[in-house]
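> Mind looking at a prediction? Sequence and model below.
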Amino acid sequence: MKVWLVGADGQLGQSLIAYFKQNSSLLSAKFELQSTNKSDVDICCSDSVSRYMAMTKPDIIANAAAYTNVEQAEIDIELCREVNLVGTNNLVKVANHHKIPLIHLSTDYVFDGESISPYLETDDTQPVNTYGETKLQSEKLINEVLKQHLIIRTSWLVSQYGNNFAKTVLRLSKQHSQLTMISDQQGCPTFADDLSATIFKLLMAIDAGQADWGTFHYCGSAAMTWFELTQQIWDEALQQKKISSKPEVVAISSEAFAVQANTKALRPKYSVLDCQKIKEVWGITAPDWTCSLKRLVEKL
C-alpha cells in the first residue's frame, strides 16, 4: 500500500516518519511511505495536488498538514482558512476522483468546552476560535464528499518535534525560577509517538480490509490542566536528571492569563475526548499516560 503523508515537516508528520523508520522491519513490507511538505506539494494549489497524485498514484492519503497556531490564527484568518479548509478540499477532491481513502487529523477545539463530561464523536460542535472553526469546516467537507474517510480528533499534542507545550515548559524551567500556568483549562495531552502508532494500526487494519469509516476520538489516557501537565513534565524531568530543580508554578485563570499575555484566541475550558468508540471499532486504546510521559521526557 502506498501511503501519501501530507505535512511531513510538522510535529505529527515528523513523528510518523520516525515511527515508520523505527518499525521498518514490520511496516516496510506492507507500506511505501511517500511524505511531502509544502515545498514538495502545495496542497492549497489544486494543480500541484493533482500533478502529484497522477505521478505517484498513492493508495491512501494521511493528512497531517494544518495551520495549528491557535493565537496567530486570529490574525492570519485567511491563511488559516487556506491551509485548513482549501488544502483539505483539494485533497478530498483527488481522493474522491481516484476513489482512495483519506485519514484526516482534527482537533478537540471543534468543541466549545461547556461540557462536564468527555465529548463523544456525536456531541454538538461549537468552536470558539478561528482554528477550531476551520478544522470543523474541513470535517464537514470531508463528510459531505468522501465516504472512505477517517477523521481522527486528537488533543494537546506533545513531542520532541516542532513547537509544543512540553518543549516550551522544559526550556523555561531552565531559565526562570517562577512561572504562571493556566489551571482552569482541562484536556488530555497526547504523545505524538502514540498517535503515530495509532495511525499505523489503522493503516494496517485498512490494508487488511477493515472499512469502518467515520469520525473517531484518540488522545492520551489522562485528563489534566496545563498547570498539572507542567508539574508532571518537571517532576519527570527532575527524576531523569534533565533539570536540577523545579521552578515555582503559580496557577492562573484563563481570563487573567488573557489579560496578562494580551491573547486574542479563546480556548475551550474543557475538551476531554471520550475514546471508547475507537476502542470498540478498531481495537485501539491509548497507553498509560505515565509511561507516555516518561518516553516523551526521555526524548526532550
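Right, received. Where do you want to start? Given the structure is predicted, the values throughout are model-derived calculations rather than measurements.

> beta partners of residue 270?
residue 186 (DSSP bridges).

> Provide a list of residues in contact with it.
Contacts here follow Cβ atoms under 8 Å, 6 or more residues apart in numbering; on that basis residue 270 touches 113, 114, 115, 116, 185, 186, 187. (Each C-beta comes from the backbone N, C-alpha and C, glycine too.)

> Can you show me the strands along the protein?
Here the chain has its strands, by DSSP state E, at 2-6, 32-36, 60-63, 102-107, 149-154, 157-158, 178-182, 186-187, 190-191, 214-217, 224-225, 248-252.

> List just the one of those strands that sits closest to residue 283.
Judged by Cβ to Cβ, the one of these that comes nearest to residue 283 is strand 214-217, at 11.8 Å.

> Determine the set of other helices and strands touching that closest one.
If you count contacts as 3 or more Cβ pairs under 8 Å, 6 or more residues apart in numbering; DSSP states H and E, strand 214-217 packs onto strand 149-154, helix 276-282.

> One more pass at 6 Å, please.
Here strand 214-217 touches strand 149-154, going by 3 or more Cβ pairs under 6 Å, 6 or more residues apart in numbering; DSSP states H and E.

> Just the buried positions in the strand it packs on, please.
Within strand 149-154, the residues that count as buried by 16 or more other Cβ atoms under 10 Å are 149, 150, 151, 152, 153, 154.

> got it, and stretch 125-141?
Buried residues in stretch 125-141, defined by neighbour count with 16+ other Cβ under 10 Å: 125, 127-139, 141.

> Pull the contacting residues for residue 184.
For residue 184, the contact set (Cβ atoms under 6 Å, 6 or more residues apart in numbering) comprises 253, 254.

> Would you agree residue 220 is in contact with residue 187?
No - using Cβ atoms under 6 Å, residue 220 is not in contact with residue 187, being 8.9 Å away.

> Of these two, which one has the most company?
residue 220 (28 against 24; other Cβ atoms under 10 Å).

> wait, what's in contact with that one?
With contact taken as Cβ under 6 Å, 6+ apart, residue 220 is in contact with 188, 189, 190, 286, 289.

> Output those residues as JSON lines; include the columns pLDDT.
Converted to JSON lines, the contacts of residue 220 look like this (pLDDT from 0 to 100):
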{"residue": "188", "pLDDT": "98"}
{"residue": "189", "pLDDT": "98"}
{"residue": "190", "pLDDT": "98"}
{"residue": "286", "pLDDT": "97"}
{"residue": "289", "pLDDT": "98"}
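
> The stretch 201-300 of the chain: helices as residue ranges?
226-239, 254-261, 276-282, 289-299 (DSSP state H, counting those that start in this stretch).

> Kindly reformat the strands of the chain as CSV and extend each row with distance to residue 88.
Listed next are the strands of the chain as CSV, based on distance: least, Cβ to Cβ, whole Å:
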stretch, distance to residue 88
strand 2-6, 10
strand 32-36, 15
strand 60-63, 7
strand 102-107, 7
strand 149-154, 10
strand 157-158, 18
strand 178-182, 30
strand 186-187, 23
strand 190-191, 21
strand 214-217, 14
strand 224-225, 30
strand 248-252, 35
